[in-house]
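Visitor: 3D, please:
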Amino acid sequence: MANFKGHALPGSFFLIVGIWWSLKYPMKYLNQKGKGRKMNYYYRKIEIIEGGVRVFFATVGILAEQFVPDGPHLHLYNDQDWIKLMNWQHCTMYLFYGLSGLMDMLTFLFPVIPLGLDRLLMSLSAIIEGILFYYHVHNRPLLDQHIHFLLLYTVLGGAISTFIEVFLRDNIVLELFRASIIIAHGTWFWQIGFVLYPPAGGPAWDQTSHNNIMFITMCFCWHCLAAIIIVAINYSLVCGIVNRLKRSSRGEENIGIQKLTSGSHSREALLNDTDEE
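Guide: Model prediction:
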């Protein structure tokens, strides 16, 4: 959709997934130290649910692009020309991300599927998005092209880091980097919507101003910094919560041990008394 909502919708999806990853991966990393099969079982269930949610997001995005009042309604071509190719490009992006979520579900449901395929398809989805958006803005105003090209940096970073995860599985640094990239990706979609399609009838940006291009470039760096800060805050919160839970569980174990020890001592004293009698 060539409007504010058309950019806010995928931005919200990417932002939700990125924030979830910034909480899930630290929790997994801190909890799996020294844990066995039971913890892995729970995280497998979480991965399956997450894949289903991503498939749902992709389906909602496709339906929104197709069946808005001015959408193509599943028509690609008429007797004269192509119909709403921008909507169709967005649908293609959603389609590949939906397939990535489906592959995540299948990977954890069926152990016969090689484990790296989920990351490989996720990397392919980012590459497809990059190809679509690279040819998305040809012959459009300069600011429009620039703000979309900046989006490609997050796409490229996500594609490369996810492809490395095919070979370096469960690397917390790569996972946190991917989470920060996807958060910046989502917030930048919102920024594109505010710049190109100001909500509530706000003033339009000058598409040819070099100062606007300089500011947008600087603003992109701020988005990346904000994403890193969000990931750092979430990691710190998860770390604090996990450490507190571990301390409380250790306290309960120590209390239980003390009770067992005191109970055994009292039984020994009682036996000694009976022997003396």
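
Visitor: hang on, isn't Val55 packed against Gly98?
Guide: Yes - counting by CB atoms under 8 Å, Val55 touches Gly98, with 5.1 Å between them. C-beta here means a position set from N, CA and C on the backbone, and glycine is covered the same way.

Visitor: where are the low-confidence patches of the stretch 1-150 of the chain?
Guide: Scanning the stretch 1-150 of the chain for pLDDT under 70 picks out the ranges 1, 33-39.

Visitor: for it, which segments count as helices?
Guide: Remark: helices assigned in the stretch 1-150 of the chain by DSSP state H, counting those that start in this stretch are 4-31, 37-67, 85-109, 117-134, 142-165.

Visitor: reformat those as TSV; add mean neighbour count and distance to Trp222.
Guide: Shown next, in TSV, are the helices of the stretch 1-150 of the chain (neighbours: other CB atoms under 10 Å; distance: least, CB to CB, whole Å):
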stretch	mean neighbour count	distance to Trp222
helix 4-31	20	16
helix 37-67	16	26
helix 85-109	20	25
helix 117-134	20	21
helix 142-165	19	12
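
Visitor: between the ones you listed, which one is nearest to Leu245?
Guide: helix 4-31 (9.1 Å; CB to CB).

Visitor: relative orientation of the closest one and helix 85-109 in degrees?
Guide: 20 degrees (axes from the mean of the first three to the mean of the last three CA atoms, to 10 degrees).

Visitor: can you tell me how far the residue nearest to Arg54 when sequence neighbours are not counted is from Met122?
Guide: Spatial nearest neighbour of Arg54, excluding adjacent residues (CB to CB, 6 or more residues apart in numbering): Gly101 at 3.0 Å. Distance of Gly101 to Met122, computed by CB to CB, to the nearest Å: 9 Å.

Visitor: again with Val238
Guide: Val238 sits 22 Å away from Met122, taking CB to CB as the criterion.

Visitor: thinking again about what came up before, Gln207 is nearest to which of the helices of the stretch 1-150 of the chain?
Guide: helix 142-165 (4.4 Å).

Visitor: output the contacting helices and strands for that closest one.
Guide: Using 3 or more CB pairs under 8 Å, 6 or more residues apart in numbering; DSSP states H and E, the elements in contact with helix 142-165 are helix 117-134, helix 172-196, helix 210-276.

Visitor: elements contacting the shortest one?
Guide: Under the contact criterion of 3+ CB pairs under 8 Å, 6+ apart, the helices and strands touching helix 117-134 comprise helix 85-109, helix 142-165.

Visitor: the same query, at a cut-off of 10 Å, please.
Guide: Other helices and strands packing on helix 117-134, by 3 or more CB pairs under 10 Å, 6 or more residues apart in numbering; DSSP states H and E, are helix 37-67, helix 85-109, helix 142-165, helix 172-196.

Visitor: list the residues that contact the residue nearest to Arg54.
Guide: 17, 50-59, 118, 121-122, 125 (CB atoms under 10 Å, 6 or more residues apart in numbering).

Visitor: of those, which is the nearest to Met27?
Guide: Nearest member of those to Met27, counting by CB to CB, is Glu50, at 12.7 Å.

Visitor: ok, now how distant is the closest one from Pro26?
Guide: Distance from Glu50 to Pro26, counting by CB to CB: 15 Å.

Visitor: what does Ser12 give?
Guide: Counting by CB to CB, the gap from Ser12 to Pro26 is 22 Å.

Visitor: cool, and Asn87?
Guide: The gap separating Asn87 from Pro26 is 37 Å, by CB to CB.

Visitor: do the same with Tyr197
Guide: Distance, Tyr197 to Pro26, by CB to CB: 36 Å.
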